[in-house]
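Q: Compute the structure for the input listed below.
(one chain, ligands or ions: 1)
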Amino acid sequence: MSDLNTAQAEAKAESRVFYPPAAFVANAAIPSMDAYNALCKEAEQDYEGFWARLARENLHWHKDFSTTLDESTAPMYKWFEDGLLNVSYNCLDVNLQNGNADKVAVIFEADSGEVSKVTYKDLHAKVCQFANGLKSLGISKGDRVVIYMPMSVEGIVAMQACARIGATHSVVFGGFSAKSLQERIVDVGAVAVITADEQVRGGKHLPLKSIVDEALNLGDCEKVKSVVIYKRTGGNINLADGRDVWMHDLVATQSAVCEPEWVSAEHPLFILYTSGSTGKPKGVQHSSGGYLLWAILTMKWTFDIKPSDVFWCTADIGWVTGHTYITYGPLAAGATEIVFEGVPTFPNAGRFWSMIEKHKATIFYTAPTAIRSLIKAADGDASIHPDKFDLSSLRLLGSVGEPINPEAWMWYYNNIGRGNCPVVDTFWQTETGGHMMTPLPGATPMVPGSCTLPLPGIMSAIVDETGYDLPNGQGGILVVKRPWPSMIRTIWGDPDRFKKSYFPEEFGGNVYLAGDGAIRNKDTGYFTITGRIDDVLNVSGHRMGTMEIESALVANPLVAEAAVVGKPDDTTGEAICAFVVLKRTRPTGDEAKQIATELRNWVAKEIGPIAKPKEIRFGDNLPKTRSGKIMRRLLRVLAKGEEITQDISTLENPAILEQLKQAQ
Ligand code: WT7
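A: Numbering: from 1, shown residues only. So this is what the prediction gives:
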């Protein structure tokens, strides 16, 4: 737990406090700590009553539920199970009834800068037509559909259309390789894949459809009967007879009326793959009712969403942030949102700021990695510095995906928020469905680098390795002590792994283990996340399992053994560092460089470019204990370029450390 203690010192060092601006407080949904505490108290006094009240007030139920929480199948908890609803109905039809028909739902800005707008009425019609199109292909409730699409209105339509007919979607991020895509198609048992001819980012075209073809040709994909293609660029593609169909052809003859499929609140809305500490990625399964409830509630509580807001979450729909805060939350809350196809650095690193100015964004939600790289860019080029743009429309800023270092927080607060906007540092995970800990913008005094306090109803705590509560000021393991509506339901096809990963026996089997370390401030009780306690890395806010990268490396015929660790990186948070033993003699100089490049490209092909190691070091061996276990903690020290001061008495081959010290 040495890392936890370092973080302890850092958490203590930060003493700046920033209060919610008075103008914000005046109209906030939760306008004081008293109001926050009242909600927490309500949850503590009558946990089920609290959630039942919120579920009835915030969602449209086709049939009301009679049981709020069913713990009989713990840790597979069930929420609102006999209630019937439809997620797309709640996101679209409800808005048509509420007078939002002509309100802009999505402002889409293409990579090229071209802008188009879609109203709630338009979006409803598109979703219904596409839902009917999917039905015409024989897709129905309970089927799984893989979505491999660029950031687009059509991507949202595809997800919402699945929800409308009760099909469970599994979105795969466009940056994953054919092999990763195939593994997910097979694991989830998809009957259809929805994709685009090409994706355009930073002026570059990526051939999504041909990657889908490659994935399906890798085998075991016989269940896939249809591939639907959204025409984004008109780039050349192959159309397989009887299997492939253009999205525009599929919807051309479809009615814009589609009765929603009323499903149980527990019906799986989606399965999203994420990296774990061991083995292949896990298919995180989410529900319909509990998930949507938290999506809409966190839009109200964390983002204080108002009818006049222009909300912009810069995530991709391939990650959970895009699911909850692009496809579902903003629409369920009746907001206008910006959807952006491109990258923050094209045509230049002022793109985000110019888009905020152009579309008068009021709420901006992005990742610390993006902030850090844009700080660097602004320092190097005054013409794209945020002070060159009119950002006065902004009233709230958010951060997500990884710890935000206090320097980046201050820059964001001062240069983007101009000292007038609260910053919500939202801690959560793919598994949690929505925010878990975050300041409330109209209530919580903010401390840079701290996600502050849990949302009402979320019972976060810090325990030691045996599950005992730790006092404030002592670093430990982050857990959640009670189930909550938007939590992961299971790992698709692997309930045992679900139990072992999240509700391990060591902790009594009844608390949710987040996989992160955390510490609470002695005086304020504020939480600071100290990083993963398992073999999971966070690179640019993307979660990567070290074992996954190691497996990819050893699959290369040149490689005998590989160990992957993270090392701190100024821009990406963590960077991937691989220690590799080849089957042949250890390469040096230019040859080492050349083989490292080869291996990097290999990993990009096996997993995706996001998993490419930043650094590869070759050794004759790896540091191991007498029983042959690789001592990763020593590799972490070497990767950082630090001297080893830890106990190495269990190390069998200390001489290897000298060799691995040098970056090649
Ligand atoms: C892991 C989850 C949050 C949704 C997108 C990423 C880290 C996330 C924060 C934060 C410190 C954070 C944790 C967590 N993380 N947000 N505000 N402060 N760390 O979801 O890919 O499932 O990753 O990201 O380590 O466990 P994910």
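Q: Let me see the contact set for Gln129.
A: Contacts for Gln129 (Cβ atoms under 8 Å, 6 or more residues apart in numbering) come out as 251, 254-256, 258. For the C-beta atoms, the positions are set from N, CA and C on the backbone; glycine is no exception.
Q: Report the buried members of these.
A: 251, 254, 258 (16 or more other Cβ atoms under 10 Å).
Q: and this structure, which residues reach the ligand?
A: Residues of the chain lying near the ligand by Cβ under 6 Å from any ligand atom: 274, 319-321, 400-403, 425-430, 451, 514-516, 529, 532, 538, 543.
Q: Let's see that with 8 Å instead.
A: Residues of the chain lying close to the ligand by Cβ under 8 Å from any ligand atom are 274-275, 315, 319-321, 399-404, 425-432, 437-438, 451, 514-516, 529, 531-532, 536, 538, 541-543.
Q: Mind checking which of these land in strands?
A: 274, 399-400, 425-426, 514-516, 529, 531-532, 536, 538, 542-543 (DSSP state E).
Q: Narrow those residues to just the buried residues.
A: 274, 399-400, 425-426, 514-516, 529, 531-532, 536, 538, 542-543.
Q: sorry, back to before: show me which of the ones in strands among the residues of the chain next to the ligand is closest to Met446.
A: Comparing those against Met446 with Cβ to Cβ places Asp425 closest, at 7.7 Å.
Q: List the beta-bridge partners for that closest one.
A: Ser399 (DSSP bridges).
Q: What residues does it make contact with?
A: 398-399, 404, 409, 438-439, 446, 449-452 are the contacts of Asp425 under Cβ under 8 Å, 6+ apart.
Q: Please enumerate residues in contact with the strand or helix carrying Phe311?
A: Assessed by DSSP states H and E, Phe311 sits inside strand 310-313. Here strand 310-313 makes contact (Cβ under 8 Å, 6+ apart) with 107, 303, 305, 321-322, 325-326, 330, 335-338, 340, 355-356, 359-366, 393, 398.
Q: Pull the distance from that strand to the chain's centre.
A: Distance of strand 310-313 from the chain centroid (Cα atoms, centre = their mean, to the nearest Å) equals 16 Å.
Q: partner strands of that strand, parallel or antiparallel?
A: strand 336-340 (parallel), strand 363-366 (parallel).
Q: does the residue lying closest to Val580 once chain neighbours are set aside count as helix, strand or coil?
A: Nearest residue to Val580, sequence neighbours excluded (Cβ to Cβ, 6 or more residues apart in numbering): Ala562, at 4.9 Å. Look at Ala562: counting by DSSP: H, G, I helix; E, B strand; the rest coil, its state is strand.
Q: what about Ala562, distance to the ligand?
A: 23 Å (Cβ to the nearest ligand atom, to the nearest Å).
Q: neighbours of that residue, just the number please.
A: Ala562: 25 surrounding residues under other Cβ atoms under 10 Å.
Q: what's the answer for the one 10 residues further on, then?
A: Applying other Cβ under 10 Å, we find 21 other residues in the vicinity of Thr572.
Q: Chain neighbours aside, what residue packs nearest to it?
A: Ser540 (4.5 Å).
Q: So the one you found is in contact with Pro609, correct?
A: No - applying Cβ atoms under 8 Å as the test, Ser540 and Pro609 come out as separate, 11.2 Å apart.
Q: more neighbours, these two?
A: For Ser540 versus Pro609, neighbours defined as other Cβ under 10 Å are more numerous around Ser540 (20 against 14).
Q: got the contact list for Pro347?
A: 113, 203.
Q: On the three-state scheme, it is what?
A: coil.
Q: For beta bridges, what are the partners of Ala563?
A: Assigned bridge partners for Ala563, using DSSP bridges, are Phe579.
Q: What is the neighbour count of it?
A: Ala563: 25 neighbours (other Cβ under 10 Å).
Q: which one among the contacts of Gln129 gets closest to the ligand?
A: Cys258 (30.9 Å; Cβ to the nearest ligand atom).
Q: With the flanking residues excluded, which residue is spatially nearest to the closest one?
A: Cys128 (3.8 Å).
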